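> Predicted model and sequence follow; I will ask about them next.
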Amino acid sequence: MPEWTRKNFAAVRDVSPPDVAIQWRFARKALGSPELGVSRFTYEPGARMPWGHRHREQEELYVIVAGSGRAKLDDEVIELDTWDVLRVAPAVIRSFEAGPDGLDIICVGGRTPDSPTASGFPTSGTDVVACPLGPVTGAPDTAGGAPGCLGSGRRDPPAGAARRPTRSSACRTP
């Protein structure tokens with residue numbers, strides 16, 4: 001096996017759930033890396049992650065490579081712009097929302113406590129925090145919502161915004 005691996009994210013399978021306006025591409029397995037994981041999350045304009053998550057051990061870095069948006073980190077909401085780099089400690093619950101031009105994020109993490117499943121999701125070491133699904137008003141869910149959650153993963157793009165391909169589009173890589 002060579003001491004390096006090159007893959008293009010377009011060749012990494014989108015494993016996002018149905019009806020979520022976000023593409024998820026986890027490349028750790030495709031790269032054969034036991035030490036580092038790298039993922040790409042591509043959000044349509046106005047899309048929100050439908051839940052928050054945290055890790056027991058793994059710190060993550062998020063690099064905004066295109067667009068803008070917001071991150072909810074526990075109870076704090078911050079604005080994100082292209083080329084911002086965000087470090088998140090394992091215990092912090094995090095969730096993201098795209099701005100009017102969408103949001104493209106590269107996430108880098110270290111070794112996971114257990115190896116990932118075939119889908120790329122860790123078998124343990126990650127806690128998913130359910131978020132209420134409901135109308136998206138543009139404001140963070142604070143009343144009755146779970147910490148780290150911004151709201152629904154589905155949202156119509158703002159008027160005049162370009163719409164990015166979704167899971168069902170012809171551009172999706174199987």
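It's in. Remember, predicted model here, so these are calculated numbers, not experimental data.
> Show me what the strand of greatest length in the chain is packed up against.
The strand that spans the most residues within the chain, counting by DSSP state E, is strand 94-109. On a contact count with 3 or more C-beta pairs under 8 Å, 6 or more residues apart in numbering; DSSP states H and E, strand 94-109 meets strand 37-43, strand 51-55, strand 60-73. Backbone N, C-alpha and C define where each C-beta goes, glycine included.
> Let's see the shortest one as CSV, backbone CA atoms only.
It stands for strand 51-55. Taking C-alpha atoms only, strand 51-55 is exported to CSV below (Å, rounded to 0.1, in the frame of the first residue of the first chain):
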residue,chain,number,x,y,z
TRP,A,51,-29.9,17.8,14.8
GLY,A,52,-26.8,18.6,16.8
HIS,A,53,-24.0,16.2,17.7
ARG,A,54,-21.0,16.0,20.0
HIS,A,55,-18.2,13.5,20.6
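> Going by neighbour count, list what's buried in it.
Neighbour counts over strand 51-55 (16 or more other C-beta atoms under 10 Å) mark Trp51, Gly52, His53, Arg54, His55 as buried.
> mind putting the residues you listed in JSON lines, distance to Leu103 and pLDDT included?
Below are those laid out as JSON lines (distance: C-beta to C-beta, whole Å; pLDDT from 0 to 100):
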{"residue": "Trp51", "distance to Leu103": "16", "pLDDT": "85"}
{"residue": "Gly52", "distance to Leu103": "16", "pLDDT": "90"}
{"residue": "His53", "distance to Leu103": "17", "pLDDT": "90"}
{"residue": "Arg54", "distance to Leu103": "20", "pLDDT": "91"}
{"residue": "His55", "distance to Leu103": "21", "pLDDT": "89"}
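> Next, format the residues you listed as CSV and append distance to Arg13.
What follows is the buried residues of strand 51-55, written out as CSV (distance: C-beta to C-beta, whole Å):
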residue, distance to Arg13
Trp51, 21
Gly52, 24
His53, 20
Arg54, 25
His55, 22
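> quick one: the longest strand of the chain to strand 37-43, angle?
140 degrees (axes from the mean of the first three to the mean of the last three C-alpha atoms, to 10 degrees).
> Tell me what angle strand 94-109 forms with strand 51-55.
Counting by the same axes, to 10 degrees, strand 94-109 points 40 degrees away from the direction of strand 51-55.
> In PDB, list the C-alpha atoms belonging to strand 94-109.
Provided in PDB are the C-alpha atoms of strand 94-109 (Å, rounded to 0.1, in the frame of the first residue of the first chain):
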ATOM      1  CA  ARG A  94     -22.700  21.600  17.300                       C
ATOM      2  CA  SER A  95     -25.100  22.300  14.500                       C
ATOM      3  CA  PHE A  96     -24.900  24.400  11.300                       C
ATOM      4  CA  GLU A  97     -27.200  26.500   9.100                       C
ATOM      5  CA  ALA A  98     -26.400  27.800   5.600                       C
ATOM      6  CA  GLY A  99     -26.800  31.400   4.500                       C
ATOM      7  CA  PRO A 100     -28.400  32.700   1.300                       C
ATOM      8  CA  ASP A 101     -25.600  31.300  -0.900                       C
ATOM      9  CA  GLY A 102     -25.400  27.900   0.700                       C
ATOM     10  CA  LEU A 103     -22.500  26.600   2.900                       C
ATOM     11  CA  ASP A 104     -19.700  24.200   2.000                       C
ATOM     12  CA  ILE A 105     -17.800  22.800   5.000                       C
ATOM     13  CA  ILE A 106     -14.700  20.600   5.200                       C
ATOM     14  CA  CYS A 107     -14.500  18.800   8.600                       C
ATOM     15  CA  VAL A 108     -11.300  17.300   9.800                       C
ATOM     16  CA  GLY A 109     -11.200  15.000  12.900                       C
END
